Structures are given as C-alpha cells and as structure tokens.
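Peer 1: coordinates only, sequence not included:
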C-alpha cells in the first residue's frame, strides 16, 4: 500500500539527531561558572565545590577559550562577571536547572537520598527556614529526615566542631569568612525600640545617638556586643546594658513592654514592626553590618544526603535574607 503523500517531503526540517551541541557539552564547567559568579571568589568556589583552586582556574580558562570571550573580570578582591557573562548567566542557570531535574529524576530510579541531617541556626530565621526546607525535601527526597537545633554563634560552632550538627548558619563580622563557610547575605543592624520611641521612628539613627540608651543584649562573649562596645569606646562612651539574654523572644518583649532598646537585623523584628509593637531604625555612621554564612561540619565530611540538604538550604536561606 502506497502512502498518499511523499514521506520524505513531510519530514520535519530537524530531528533529534540534528542537535548541534558544542559549547554547552560540558555542563560541569558551566556549573563552575555559576558557582564562581555567585560567590565572587575562586577560593570560596573551590571550597564550596570541594575542589582545587588551581584546577578550577584552569577549567574557567578553558571555558573562556572555548567561548572566545572573557566571562569574568579578575580583581584583587575576587572576580566579577563581564558584560557577556552577565548576559548569559540566567540562561546558564536555566540550563543547569533543567539538567539537574533530569539528573534528579534519573537518580530517583537508582537510589533516593536517605538519612538524618542536623542543621543549626539562630532563632530569627531558623524556624521559618526549617519549615520551608521540610516542604522542599518532601517533594523529591522523602527519605531525608531533619533535625533542627537553635542557638547562638558559639553554640552552633561547638555543634559543628563535635559533629552534633552537619550544617550551621551563623553571623560573622568583618569581610573574611573562615574556610568551609559560604556567604548567604550581608545585613545591616537596626536599633529596635518600642512603638512610641521617638528615636526609632526615623529611618536611620547615628551610632553616637546610642550614648544615653539602656539596652537588652546577648550575654558576653558576643560578636555584636563586642563590636558595639568597641565603637562606643572609640567615641568616648559606653553601652549601657540593663539586661542580658540570649532569648530573642524575651529581648523583643523587654523592648516592647519595658522601654529598653536592642540591636538586631531587620528580618528578626518584621513581625513586631508589622504588628505595631516595635520600631526599627538602621544604624549609620558607622553602620554595623553582619555577614550571614553557612558552614559545613568538618568532623564528618559532607555525605551525599548532607550535600543535597546544604544545596537546598543555601538557596532557601538566600531567598529569605535577600528579600529582606
């Protein structure tokens, strides 16, 4: 039986075997490209990827040679995307996400990640982050169980050091992060007062205006408190601490009901500000900025399941912190 049309004529112009893949054939190099762009440093990218910095540099140079164009500007402080790199960044991320979804689907058929992962965080975003992480993992990693621990920076560091926590999110001050830590966001510190406090009704407050205030602050040793006391000494006054507590809930209660002040990042007090119980004014001249970073326990080494959770946690934490 003959066909009523010319079969060859009816064929589409291109079929699957006609795909021409050249520059995007090595997706790992493009993954390196994205990680380097996000972290802004070959050193941090190498630590995040558990790779060698010189090897990563060679891979990046090879990628740029294949593309015939520079993708990064090298500076003394790290690397930044060139105009070309910026233009293709979103497309590369989309390509890698598609590839990751395919890879995840294939892995699901082989072996889904299983096991318990413990992560530790400070209270201001910890509960929100834990809830979102739980929802995210239930979709495609139901074999992973979570353990959440809440504490201050010193406690989280101890839990990471002795292996009680696999992943930790901590505050840091200064521009240099320890090894095995990856920056999530930089946040300003705010002076927090009660609803009728005239000082915090303004958008900004000078650090020198903290001179005559009574504070509720974390107990020493604490990096924020050390920073505030050092700046105050340089200006010829001291920080008056009327109460010490490591409880964020009590801290906000003492501010709202007892007229004390405290210093927190804005995401810590959004609920109180929205509810009209608290006010917050950004501290300037000088500002007090905190780096929020994610650290991986060195005592265990990241398993496949920990690596999965840390990747998800990194993205979720950045989305929460950058939004605010």
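Peer 2: Structure's in. What do you need? Treat the numbers as computed from the prediction; the structure is a model and nothing was measured.
Peer 1: strands of the stretch 101-250 of the chain, start to end?
Peer 2: With DSSP state E, counting those that start in this stretch as the criterion, the stretch 101-250 of the chain has strands at 115-121, 144-150, 167-172, 181-194, 204-206, 214-217, 240-244.
Peer 1: what comes up buried for the fifth one?
Peer 2: Going back to what we said before, that points to strand 204-206. For strand 204-206, burial by neighbour count (16 or more other Cβ atoms under 10 Å) applies to 205-206. The C-beta positions use only the backbone N, C-alpha and C, and glycine is treated the same way.
Peer 1: got it, and the last one?
Peer 2: Neighbour-count burial for strand 240-244 flags residue 241 (criterion: 16+ other Cβ under 10 Å).
Peer 1: mind listing the strands it pairs with, and their directions?
Peer 2: According to DSSP bridges, strand 240-244 forms sheet pairs with strand 214-217 (parallel).
Peer 1: buried residues in the partner strand?
Peer 2: Buried residues in strand 214-217 (16+ other Cβ under 10 Å): 215-217.
Peer 1: what mean pLDDT would you report for stretch 87-97?
Peer 2: Mean pLDDT, computed over stretch 87-97, is 89.
Peer 1: and it, how far out from the chain's middle?
Peer 2: Centroid separation between stretch 87-97 and its chain, computed with Cα atoms, centre = their mean, to the nearest Å, is 20 Å.
Peer 1: in that stretch, what counts as buried?
Peer 2: For stretch 87-97, by 16+ other Cβ under 10 Å, it's 88-89, 92-93, 95-96.
Peer 1: let me have the strands of the stretch 101-250 of the chain in TSV, adding mean pLDDT and distance to residue 293 as columns.
Peer 2: Formatted as TSV, those follow (pLDDT from 0 to 100; distance: least, Cβ to Cβ, whole Å):
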stretch	mean pLDDT	distance to residue 293
strand 115-121	91	11
strand 144-150	91	17
strand 167-172	87	5
strand 181-194	89	4
strand 204-206	96	26
strand 214-217	95	22
strand 240-244	95	25
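Peer 1: need the ones you listed in TSV with distance to residue 272, can you?
Peer 2: What follows is those, written out as TSV (distance: least, Cβ to Cβ, whole Å):
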stretch	distance to residue 272
strand 115-121	19
strand 144-150	19
strand 167-172	19
strand 181-194	8
strand 204-206	17
strand 214-217	14
strand 240-244	17
